[in-house]
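**Q** kindly return the folded structure for what I paste below:
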Amino acid sequence: MGYVTRLRQTVGSQPLVVVGAAAVVLRAGQLLLVHRRDNHLWGLPAGSKELNESVATTAIRELQEETGLAGTQPKLVTVVSGAGMQYTYPNGDQIDSVTVVYRLRATGTPQGSSETQESRFFDLDALPRDLTPITQRILQHLT
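**A** Down below sits the predicted model:
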């Protein structure tokens, strides 16, 4: 059971400031996105930091958990927080996210997982419209 999950047992669905990481993986001019099972939206592979874990390690772990890809060589891209980084999950849990974004090299073939229905590369000029709000905000910082 993860750190945020344990916190939720105490605080319920009220807003939490959550530090996490997102992975930006580019191959041949295409961006890797995952189709989430919880909200059925596309987003960057991302998730919450665990205790005693660096945010770079979080990005690598979340990439592997959500896509099956092995991430290496994390390069800090940006940190996104503040306006537009609040989100309510389908179960009612609320977060105010501080997301550290890393570019990663990745090996392997993307696949789905228990958290994602699908992982796929998209042309940068043809990204799906149904992106998570936090992914939309992060992508604004990348262009």
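
**Q** nearest spatial neighbour of Ser119, chain-adjacent residues omitted?
**A** Nearest residue to Ser119 in three dimensions, chain neighbours excluded: Pro110, at 3.5 Å (C-beta to C-beta, 6 or more residues apart in numbering). (Glycine included, C-beta is placed from N, CA and C.)

**Q** surely that neighbour and Thr67 touch.
**A** Yes. Counting by C-beta atoms under 8 Å, Pro110 touches Thr67, with 4.6 Å between them.

**Q** so what touches the host helix or strand of His35?
**A** Here His35, judged by DSSP states H and E, is contained in strand 30-36. With C-beta atoms under 8 Å, 6 or more residues apart in numbering as the test, strand 30-36 has contacts from 23-26, 41-45, 66-67, 69, 106, 110, 112, 115-124, 127-128, 131-132, 135.

**Q** can you pull the buried residues of it?
**A** Leu31, Leu32, Leu33, Val34, His35, Arg36 (16 or more other C-beta atoms under 10 Å).

**Q** so what's the closest residue to Gln86 other than its chain neighbours up against?
**A** Counting by C-beta to C-beta, 6+ apart, Gln86 lies nearest to Asp96, which is 5.1 Å off, once chain neighbours are set aside. Applying C-beta under 8 Å, 6+ apart, we find Asp96 in contact with Pro15, Leu16, Val17, Val18, Ser81, Met85, Gln86.
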